[in-house]
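> Just need the structure, nothing else, for what follows:
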Amino acid sequence: MCFAEFQEMKVTEVVSKWELKRLDDLNVLLQRGKNTSYGNSEIQVIKSGQARGGKLFDFSNPVFVENNFVSDDRDLKKGDILINSTGIGTAGRVTYFNLVGKYVADNHITIFRTNGKVNSEYVLYYFENYFGFKNLESAAKGISGQVELSLEDIKAIKIPVPPMDVQQKIVTECNAINNTVSEAHQRIDKAKEEVENKVKHVVDNYKNELITIGNLTETTSGGTPLSTNRAYYNNGIIPWINSGEVNQSEITATENFISELGLKNSSAKIVPANSVLIAMYGATAGKVSVFKNRSLYKSGYLCIITK
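Got it, this is the predicted structure:
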């Protein structure tokens, strides 16, 4: 069972074999969080930038409410759904609250608390994997980054509500997939740490034998054929690495190609496979990649070729 059986029609409208119900009919609480002053009480505030979506929070800079803070039914409970409701790039992000302790949400977050007719994790996965952040964000109104996702717009959102056993099956399967992904990330992080430790061991134990890269390699810079001359690109067969591809640790294929004419009329150079490419400036400055095939690359990059 998955959300593939639901067919999106347009923003905020779906068709399903299950009954569609408004969020307004599925809650005991649907309300913005509180606007509060910060202090040093034991009640922590979740700001919109700290609710990162899914089940993730970023509390690298925690804040707490003032000591005279007055609690109400908006004190967060496990299973609450937090919907970021302000700001371009933030409005529409949905996070599941499952933390232990005393927390409140600030007034840039809308709190959805189910009335028991819908599983709150099901609501999370529906918004996260089917309805989508972009659909929620598109409902926000405003300009210059000060967009607002209104309470009325959130109330009007309709979601398919299958029987509770079907909802639970969806949640169980989604949780299992997320656990597999999390375990894979942990293995990747551990492997990266092992690589870093091995490199550090070599450097620490052979400090007196270090030599410069220039003694072992050749370096060269790339070139970019004139972009306005389409003859340099049309029907090209020579792989040409662009700036986005250097984000990969290994480049095995390129999206763009140039022609023999483009090669002859530019400073672009063909370099051998397994050369190292370093971005020298721009958004990718400092990125390092290895291209596995004989290729060209654009200007703004330094290529290191082993001798």
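
> dump the residue contacts of the nearest residue to Tyr38 once chain neighbours are set aside.
If the residues on either side of it in the chain are set aside, Tyr38 comes closest to Val63, at 5.0 Å by Cβ to Cβ, 6 or more residues apart in numbering. From N, CA and C alone the C-beta is placed, and that goes for glycine too. Counting by Cβ atoms under 8 Å, 6 or more residues apart in numbering, Val63 touches 38, 44-45, 47.

> Same question for Ser120.
79-81, 96, 112-114.

> what's the closest of these to Asn256?
Using Cβ to Cβ, Tyr96 comes nearest to Asn256 of those, at 40.8 Å.

> Quick one, grab the pLDDT at that closest one.
pLDDT for Tyr96: 97.

> Setting aside sequence neighbours, what's the nearest residue to it?
Tyr96 sits nearest to Leu124 (Cβ to Cβ, 6+ apart), 4.5 Å away.

> Please work out the average pLDDT along the helix or strand that that neighbour is a member of.
Element membership for Leu124 (DSSP states H and E) is helix 120-126. Taken as a whole, helix 120-126 has a mean pLDDT of 95.

> now do stretch 73-84
96.

> how far is stretch 74-85 from where the chain is centred?
Put simply, stretch 74-85 sits 21 Å off its chain's centre (Cα atoms, centre = their mean, to the nearest Å).

> Tell me the buried residues in that stretch?
Neighbour counts over stretch 74-85 (16 or more other Cβ atoms under 10 Å) mark 74, 76, 79-85 as buried.

> Let me know the closest of those to Trp240.
So of those, ranked by how close each gets to Trp240 (Cβ to Cβ), first place is Asn84, at 40.1 Å.

> Next, find the distance separating the closest one from Ser243.
Computed with Cβ to Cβ, to the nearest Å, the distance linking Asn84 and Ser243 is 31 Å.

> Surely Asn197 forms part of a strand?
No: according to DSSP: H, G, I helix; E, B strand; the rest coil, Asn197 belongs to no strand; its state is helix.
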